[in-house]
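Visitor: fold the following and give me the result.
(chains A and B)
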Amino acid sequence: QKEVEQDPGPLSVPEGAIVSLNCTYSNSAFQYFMWYRQYSRKGPELLMYTYSSGNKEDGRFTAQVDKSSKYISLFIRDSQPSDSATYLCAMSAHTGGFKTIFGAGTRLFVKA
Amino acid sequence: DTGVSQNPRHKITKRGQNVTFRCDPISEHNRLYWYRQTLGQGPEFLTYFQNEAQLEKSRLLSDRFSAERPKGSFSTLEIQRTEQGDSAMYLCASSGRTGLAGGGPTDTQYFGPGTRLTVL
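Guide: The predicted model follows:
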């Protein structure tokens, strides 16, 4: 079993829809949770991070962490075609970053 | 330019040849990471430097792979006697005490565009 599980999709939604992306994990030591967006043939770019449990909102994006269920989510409101990309969850037990474990990524398509 | 840069962006080589990739991190970052990413997968950790010291190496990093960061600034990743299974995107990331404005925790990693390696 992988430490981080993420449904690879693809997920196809119409423009304006609310998108929900999720990851589950097995290592209860994870404290730092991140979401990266990766466009085709580009490096990942950090979207959001959360420390421990709770919610965090940034514009159209909301990240949620439920440590009791070992489940994290990213919600995208009013999705746009420009949101079409692969979304990677990532998590770490250490602030040092070098033990960051990534999910496989969910490929999202937003249709105009 | 305040981002991580990598060169070359693409490399095609024949099996058995040696290749070297370069990463220039964000200038104020003291930590540098190398990852490998294959199609449909997330980045897999290869190795990590704090300043010039290589502090962590994944078991994925066979003895054909070597990484250096001689002056604690740029880093190189060399693959000797390349194999077709080495074909992947090689990503570099950096982090440090002074992250970019609006960024995450002090050690959030910021990625470069990657070097795509194709071994024929």
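
Visitor: B:Pro8 contacts B:Phe21, correct?
Guide: Yes - assessed by Cβ atoms under 8 Å, B:Pro8 is found in contact with B:Phe21 at 7.3 Å. Just so you know, the C-beta spots here come from the backbone N, C-alpha and C atoms, and that holds for glycine as well.

Visitor: identify the contacts common to those two.
Guide: Both B:Pro8 and B:Phe21 are in contact with B:Thr115, where contact means Cβ atoms under 8 Å, 6 or more residues apart in numbering or on different chains.

Visitor: more neighbours: the two, which one.
Guide: Remark: of B:Pro8 and B:Phe21, B:Phe21 carries more neighbours, 21 against 13, as counted by other Cβ atoms under 10 Å in any protein chain shown.

Visitor: list the residues that contact the more buried one.
Guide: Shown in contact with B:Phe21 (Cβ under 8 Å, 6+ apart): B:6-8, B:11, B:76-78, B:90, B:92, B:115, B:117.

Visitor: that one pairs with what?
Guide: B:Leu77 (DSSP bridges).

Visitor: likewise for B:Tyr110?
Guide: Beta-bridge pairing of B:Tyr110 under DSSP bridges involves B:Ser94.

Visitor: surely it and B:Val4 touch.
Guide: Yes - using Cβ under 8 Å, B:Tyr110 is in contact with B:Val4, at 5.8 Å.

Visitor: hey, what's in contact with both of the two?
Guide: With Cβ under 8 Å, 6+ apart as the test, B:Tyr110 and B:Val4 both reach B:26, B:93-94.
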